Every structure is written in C-alpha cells, then in structure tokens.
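>>> 3D model of this:
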Amino acid sequence: MDGDDKVEELKMPDGGDTEIKVSESEESDPTVRAQTIDELHSLQKKPTTPRGSHPTIHSEDQRHTQQLQSISASLASLTRETGPKIVKGDPARRYEVPRVSHVPHHLLTPTIAVSDSALKFTHVLYNLSPAELYEQAIKYEKGSFITSTGALATLSGAKTGRCPKDKRVVKDEDAERELWWGKGSPNIEMDEHSFMVNRERAVDYLNSLDKVFVNDQFLNWDLENRIKVRIVSARAYHSLFMHNMCIRPTPSELEDFGAPDFTIYNAGQFPCNRYTHYMTSSTSIDISLARKEMVILGTQYAGEMKKGLFSLMHYLMPKRHILSLHSGCNMGKDGDVALFFGLSGTGKTTLSTDNNRYLIGDDEHCWSENGVSNIEGGCYAKCIDLSREKEPDIWNAIKFGTVLENVVFDDHFRVVDYSDKSVTENTRAAYPIEYIPNVKLPCVGPHPRNVILLACDAFGVLPPVSRLSLSQTMYHFISGYTALVAGTEEGIKEPQATFSACFGAAFIMLHPTKYAAMLAEKMQKHGATGWLVNTGWSGGSYGCGSRIKLSFTRKLIDAIHSGSLLDANYKKTEIFGLEIPTEVEGVPSEILDPENTWADKDGYRETLLKLAGLFKKNFETFTNYKIGEDNNLTEEILAAGPIF
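Residues are numbered from 1 along each chain as shown. Got it, this is the predicted structure:
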C-alpha cells in the first residue's frame, strides 16, 4: 500500500462482522463514515448533475418552488382554491436515511408522514428515468415484467384498444364554429359542465393517491412550433409510455419548462360516473380546447394519450398555417422527402422503413414553412406476428426502455410469443425513435418531393401505381380508402371498402377539406407530386387474384424516390381517370394496367363500377362543404373522382 494512503475500518452497528475499508488519499474528500447498511446503500446513488451552468442556490430554490407550484396548480380542484401540497419523491423512501452528499437541502426527498387525508401530501414522481419507472412498475403494478430482451411487459387492463365512441370534445362557442361536427365526424360533443365534473373526478382520484407520476415533455421537433405538454398519471407504465412517445427535454430545458401548454389527467383506473350528462359508459376521454386539458377515465389503454395529443395538434397547428398529417415520412441521402399515407394493412410502416433512406417518423408529422417535422419522440409499432426477418428494425428496438403492451411470454425465460393473441390481437411496442438505426435526428427535413397515398385494394381494380393531379390528390386524400379482406374481421365474406378521411378520421378536428386544401397549397408551392399506390390485389378480387408482390411495390416506390417515374410514358384509365405508366424498370409491364391481369373482362368492369360507386357514396358526406371562392375548389375535387 502507498505510504500516503490510510485505511479506515467501519464497524456496522447491526451486530454483524461487516467491515468496510475505505482508501483515502490526501487529495480526496474526507472519508464518509457509514453507520448503517441503509446509509451505505444511500451512497450507491449519486445525485444527477444538471447539464450546463450551475445557477446560485437561491435561483435553484426559486425554480424548484415554481415547479412545485406549477404542478400543484395543475392538480387544483374546483373545491379548492389551490392544488394539494406536493413534494417530489417516492413516499416509499420517506423513512430512508437521507443521501450523504453535497447537494442543497431543498433537492433532497423530504421526510413526511401525515395520516390525516385532509392534510395529505401528494408525492410527485417527476420525469423519472426509464430505470426508475421500471422499478416502480415491477414493485407496484401487477402484470409488469422484464422480458428476455429487457423490454417492460405490461397490461392495459380490460381495454386493449382505443374507445372512439367514448371520446368527447367540449362544444363551446369557438369549438362549435371551428370544429367538424355531424355525420362522419369523430367529434362527439359534451358541455363544459360535464367536462368539469369529469375533471373533478379525475383530479380528486389522482390527489387521493399516495403518489402520482408527472411528465413534462414536448410535441413537434420544429423548435419554433413545439408544444409543451404535461401528463399526470397514476401508473409507471403510462409515464414510461409517454416518456418514449413524446420528445424528451434535456435537463436544462426541463429546468426552464415553466407552465405547460396542454395537460392530460390520466385517471384511467377510475371510472366516470355513468349518470353524468353525455356519458354512455364508464369510460370517457374528454378534451377541452378552451381549458387546454384532457381527462381520461375508465380506460388504461395508453394509446388514448398518444392519439389525444395528436387530435390537439390537428387543431392547434392549422391555426398557425401548419398542416398536421397522419403519415410516415422518410428522406433520401440527397434530401428528397416522401410522405406515406395509409390505413392499417396498406404497408405504410413497411414501405416508409427503408435501409437506404433516413426515417423522420412513422406516424405523425407537421408540414410548415420550415419543412416537415415529426410530432413525436417515439414509435408505436404493432407486434402481432412480429418476426426478426420481416421487421428487423422493430424487432431490434424491443429492448430495455421499450414498453410492450399485452404480449404473452413464457413464464421462465420471459421470451415473448408474438403470435399469441390470448390477451388481444392489438399487441404493441412503444420505444424512443432513436432505437431505429437509420433515424434522422433531429426528426426534421426539407419540404416533401413526393406524397404517396397507399391503398390495399382487395377488389383488385386499382393500378399498382398512378400519378395524381392536385385535385385527384385532394380527392383520394379526403377519401382515405383501403379494403378489408375476408377473414380479417368476423362476418366479412368478401372485400369491404373502408374510408377514413385524411387517412386518420378518428383524430382530425377540422373538416377534412380544410386539411386537403392546405395539402394541395403546400404541394403546389413546393412542387410535390401525388401518387396512388395499390399494395393489394391484381388479376381479380381477393380469393381469385393474387396480392401484388412486395418486391414489385418496392421497385415502384424506388422509382418514385429517384424521380425516374416522372419521366415515364403514361396513359389514362377509364372511370377513375388515373394516369398509369406503361413501363417501369423491374416491374412486369402487364400488371401496370389492372385490366390486363383479369381473365374475366366483364367481371373487371363490374367490380370497377362497384368500387367507383362506393367512392361516390362515401364522398357525399363532403359535398355540402364549400372550399374557396364561389365553391370552385369543391367542384374541382368532385370532378377528380370517378366518372361513370
């Protein structure tokens, strides 16, 4: 041993023989004497040092107080002028020996033991790390386990999907004038009083708990237009889910976060009162745009928070002349950006994930004067029948920090069986976007060059690829078409057309034609081209024809990205009036025109007319809405639909 070192022996007062030898050099801090095992354990965890400059103790204390006051104000109830008395930290640690460190006293977890509920403190677990949230979930939430790859497997309770029929929006003066109401709209009204009843119920439930989780995070990677959101929840699972799905602030951004622009109260374990006006079940997801708040009662499905915030962005962004989009987005090495729209089963995730291109985002985007930006900080991928071969990026992203919802795994090794639908078919994985290897960080890009609308046409009459005019792009964007095939849902024996306005009708707030007009304006201004790509059937409808090979579809998408498809020769189809190329490298020319692939020509025309009729019937919902001066734009969009 060096002569300049000395050894201290610490005798533990618990009667044990444990000795701890601490080597100390003359240049180090004085030796800390640990008197108990608990005190020794407290030395394991050192306080996190915030990045950036170190402000004075007074400003730190002031910021800390303001932060607590802000959270308390968020939790204020109608029956109290202020929110509850809150402190930071886990109540389970209230009797632990304080950490031995040199951090200011106000940053330590206070020791509080109050039994009177009227004087109760609410403990706030604020912006915990994934590791801390894992501990909370596994300790306190039944059904939480670590899987073999390190992901956190959780259960969402009785509800394993969204409840769109239980979603409500306060119909105040502004909302009545601005929002889309009536037939086809996802916006179901409620009055402000009923919202406040539900808010009171949610807040009182959260305040009654020993602890709540609070996330302060951002939406939108465009720094000029990002939104500050606060999520107050009762489950570590929900906190980790939103940690992954929203944009994570840096420590310095968190210090100066201030008051949020929008707040979610997730009291999903507690039901709403079914006798409250406008309630139709014990579940209710309510949004007040005036109060900038969302309340969740009676469902623990985490996707309600994600899509609730997306609905908010569909309202806020157009007010700033920014287009909000339910789309995937990627960018080539040369900076060419493509947007991908498509309903479930159309291949949006598969085709927007490309090893030769950078992923900007998989689901929600904004298109502003600055270009495109991802709204979220994570991905929410379907897991049913997931395999390493088909979706390697998603497979590899399911590791420590990822939330796995409602999956089934073996009891001993905790290996997930992604084909098992015992809990639900809607199994999901939520992970930070940086878990994808070819992600573009920050998640922003220049103005899109191509807008790709995907449809899985099980009728087999749409071409594999079509170039669209602006008015045709608007028509098919508003229509949001795909087709369910027999066997995908109970009772479906033949292809069934499905239409979802703007490829996301459940989340839009304004009339679909407003988003379509903004899309056309931006495409025209920045020279983007619209494309309709059919990833469905060829040579006949489902059951007779065959699905277009993915390799062919990828060749068509590659030709769109490269720009070579713009130089192709085109001809126009009947009924839908679509421009289709006569030749694309790597793709058999005969499949480019769907009529060529049908042996039964009469059957082809009959099916084509049937699908055209379904388009026309669906679009009747939108024909009574005027766009532009003298309604000219509406007439132009209608003329871009099928004519027969």
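>>> Can you show me the helices along the stretch 451-600 of the chain?
470-479, 512-526, 550-562, 594-597 (DSSP state H, counting those that start in this stretch).
>>> Which parts of the second one count as buried, going by neighbours?
Residues of helix 512-526 classed as buried by neighbour count (16 or more other C-beta atoms under 10 Å): 512, 513, 514, 515, 516, 517, 518, 519, 520, 522, 523. Bear in mind the C-beta positions are built from the backbone N, C-alpha and C, glycine included.
>>> Let me know the closest of the residues you listed to residue 88.
Using C-beta to C-beta, residue 515 comes nearest to residue 88 of those, at 41.3 Å.
>>> Run through the residues that contact that closest one.
For residue 515, the contact set (C-beta atoms under 8 Å, 6 or more residues apart in numbering) comprises 314, 318, 323, 324, 325, 477, 502, 508.
>>> just curious, which of the buried residues of helix 512-526 is nearest to residue 531?
residue 523 (11.4 Å).
>>> How many residues are close by residue 320?
12 (other C-beta atoms under 10 Å).
>>> Now it: closest residue in space, sequence neighbours ignored.
Spatial nearest neighbour of residue 320, excluding adjacent residues (C-beta to C-beta, 6 or more residues apart in numbering): residue 225 at 6.2 Å.
>>> From residue 161, how far out is the one you found?
To residue 161, residue 225 is 30 Å away according to C-beta to C-beta, to the nearest Å.
>>> likewise residue 299?
On the measure of C-beta to C-beta, residue 299 and residue 161 end up 9 Å apart.
>>> Looking at those two, which has the bigger crowd around it?
Neighbours per residue (other C-beta under 10 Å) separate residue 299 from residue 161, with residue 299 holding more: 27 against 15.
>>> For the more buried one, which three-state class applies?
At residue 299 the chain is in coil, as set by DSSP: H, G, I helix; E, B strand; the rest coil.
>>> can you pull the pLDDT of it?
On pLDDT, residue 299 comes in at 97.
>>> How about it: what's its closest non-neighbour residue?
Residue 299 sits nearest to residue 159 (C-beta to C-beta, 6+ apart), 4.1 Å away.
>>> Now do the phi/psi pair for the closest residue to residue 537 other than its chain neighbours.
Spatial nearest neighbour of residue 537, chain neighbours left out: residue 460 (3.7 Å); criterion: C-beta to C-beta, 6+ apart. Backbone dihedrals for residue 460, given as degrees, to the nearest 10, come out at phi 80, psi 20.
>>> Was I right to think residue 460 contacts residue 594?
Yes: using C-beta atoms under 8 Å, residue 460 is in contact with residue 594, at 6.6 Å.
>>> re the thing from before, tell me which of the buried residues of helix 512-526 is nearest to residue 229?
residue 515 (21.9 Å).
>>> how far away is that closest one from residue 68?
According to C-beta to C-beta, residue 515 stands 40 Å off from residue 68.
>>> before we move on, what about residue 349?
Residue 349 is 41 Å from residue 68, by C-beta to C-beta.
>>> burial measure for residue 255, as a count.
Neighbour number of residue 255 under other C-beta under 10 Å is 18.
>>> Torsion angles phi and psi at it?
phi -60, psi -40.
>>> I figured it hits residue 62, correct?
No: in this structure residue 255 lies outside contact range of residue 62 using C-beta under 8 Å: 11.2 Å.
>>> is it true that residue 468 touches residue 577?
No: using C-beta under 8 Å, residue 468 is not in contact with residue 577, being 10.0 Å away.
>>> between the two, which one's more packed in?
residue 468 (22 against 15).
>>> Over the helix or strand where residue 365 lies, what's the mean pLDDT, rounded is fine.
Element membership for residue 365 (DSSP states H and E) is strand 364-368. Per-residue pLDDT over strand 364-368 has a mean of 98.
>>> Report the angle between it and helix 512-526.
Orientation of strand 364-368 against helix 512-526 (axes from the mean of the first three to the mean of the last three C-alpha atoms, to 10 degrees) gives an angle of 60 degrees.
>>> can you give me how far strand 364-368 is from the chain middle?
Distance, stretch centre to chain centre, for strand 364-368: 13 Å (C-alpha atoms, centre = their mean, to the nearest Å).
>>> After it, which helix or strand is next? Please name it.
Next along the chain from strand 364-368, counting by DSSP H and E, comes strand 371-374.
>>> And the strands in the stretch 501-644 of the chain?
Under the criterion DSSP state E, counting those that start in this stretch, the stretch 501-644 of the chain carries strands at the ranges 529-534, 537-538, 546-547, 570-572, 579-581.
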